[in-house]
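> With the input below, show me the fold.
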Amino acid sequence: MTTKKGKPDLLPIKRRLRSNQTPAEQLLWSKLRGFQIHGFKFRRQHGIGSYIVDFFCPERSLAIEVDGDVHANESKIKSDRQRENNLHSLGIKLIRYNNDDILHNLDGVLEDIALHVSKSSTAPNPSLQRRGRQKKEANPESYFPVTLQGLGNPPDPLPRIFFERPTLKVASELVGKVLIKQTPNGIIQAKIVDTEAYVGPDDRACHASKGRTKRTEIMFGPAGFTYVYLIYGMYHCLNIVTEQEQYPAAVLIRGLEILGGDHSPDLPKRIDGPGRVCRFLDVNRTHNGLDATLGTTLWIEDHGLAVLPKQIQTLPRIGVDYAGEWAKKLWRFCLPASTPPKTRRVTPK
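Next up is the predicted model:
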């Protein structure tokens, strides 16, 4: 049986890696060292069998890797997945962040790590415990303020199998689901009311029709991951990857309806347009490549808000006139603003 302890001959390599940490690794280590997250100890450049991981929490069997641009190429992605599978066989969970995540969204990364550390434990609700001062403890109820009648626990995030289905089906069934974004102050949640499907390399409106690039690499991976990109140099767009690996497809989130307690008189009830959606959620390119099935930073739940197929309008997608005949496809699924929400019974799992 493979041991979790690193091989002795890795020691010189570990020392070299520690003395040559990237700026992102140095920044993250400054926040992990000294029992700053829930009092758990993290080690840097830690050996596990034949591997060296950037950071490791032995009490939670949690490994953290900080990736540079080299990890975007196909061969590296394949070896990274093999590495993840091998560590998983040892009972170790591996989470990944890229350099930009840490350098430009450090608080979000730390909150995500805190959530991973606290899951399946008796640790306090995720909050970062820092030397000198403590961040205000989050109200446990603020993470899931909406619960289904008759259920003691909040709904689970939609599983990967939901997103692995045909893109058109996923796009239509996402209408009425609840999009949730974790923030340091609790969660933001809103009903999805407008989506667009982008289906494979033949769809001329789909980014993947121009080939496999660094930008579109995430679309060729597992379903359920976020694909965030910038348009016109100023607006971000949030997509969820769909279908099977190597078939590039995704659903664009075009519109949201703010739910109950999250609605402020100063905000519109409905948010139309992918740029406005991302501005409301504070989503940017640092949120690209997040696993939306984990229920950590950003995810989607079924709160039992019934939407009948006849209530959903099917329309041509917006802003894709360049796609020729593909621009005429009725692959936009929109719930009109006047449709009142209904609640259906959800059977506990």
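
> And stretch 309-320, what's buried?
Neighbour counts over stretch 309-320 (16 or more other C-beta atoms under 10 Å) mark 311-312, 316-317, 320 as buried. Placement of C-beta: from N, CA and C, glycine included.

> now stretch 176-186
Buried residues in stretch 176-186, defined by neighbour count with 16+ other C-beta under 10 Å: 176-182, 186.

> One more: stretch 269-281?
Within stretch 269-281, the residues that count as buried by 16+ other C-beta under 10 Å are 270-272, 274-278, 280-281.

> Please identify which of those is nearest to Gly304.
Nearest to Gly304 out of the buried residues of stretch 269-281 is Arg270 (C-beta to C-beta; 20.2 Å).

> how about that closest one, what does it touch?
193, 255-258, 337 (C-beta atoms under 8 Å, 6 or more residues apart in numbering).

> Now the phi/psi pair for it, please.
Main-chain torsions, Arg270, degrees, to the nearest 10: phi -120, psi 140.

> how much space between it and Asn98?
Counting by C-beta to C-beta, to the nearest Å, the gap from Arg270 to Asn98 is 33 Å.

> Over to Val320?
29 Å.

> got it, and Lys31?
In terms of C-beta to C-beta, Lys31 sits 17 Å off from Asn98.

> Ends of stretch 209-221, what's the gap?
End-to-end distance for stretch 209-221: 16 Å, by C-alpha to C-alpha, to the nearest Å.

> So what does Lys214 look like in phi/psi?
phi -60, psi -40.

> How many residues are close by it?
Neighbours of Lys214 under the rule other C-beta atoms under 10 Å: 9.

> what's the answer for the one 5 residues further on, then?
Here the neighbour count serves as a burial measure; for Met219 (other C-beta under 10 Å) it reads 25.

> what's near enough to touch it?
Counted by C-beta under 8 Å, 6+ apart, Met219 has contacts 207-208, 227, 241, 248-250.

> Let's have those in TSV, adding pLDDT and distance to Asp54.
As requested, the contacts of Met219 are exported to TSV (pLDDT from 0 to 100; distance: C-beta to C-beta, whole Å):
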residue	pLDDT	distance to Asp54
His207	93	30
Ala208	91	30
Tyr227	96	25
Val241	97	25
Pro248	95	29
Ala249	96	32
Ala250	97	29
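
> elements contacting the lengthiest strand in the chain?
As assigned by DSSP state E, the longest strand anywhere in the chain is strand 186-199. Other helices and strands packing on strand 186-199, by 3 or more C-beta pairs under 8 Å, 6 or more residues apart in numbering; DSSP states H and E, are helix 167-174, strand 178-183, strand 249-258, strand 270-272, helix 274-281, strand 332-334.

> Of those, which is nearest Val66?
When the helices and strands packed on strand 186-199 are ranked by proximity to Val66 (C-beta to C-beta), strand 178-183 comes first, at 20.4 Å.

> Look at the residue nearest to Lys328 when sequence neighbours are not counted and report its pLDDT.
Using C-beta to C-beta, 6 or more residues apart in numbering and skipping residues adjacent in sequence, the residue nearest Lys328 is Pro316, 5.9 Å away. We have a pLDDT of 95 for Pro316.

> mind listing what Pro316 touches?
327-332.
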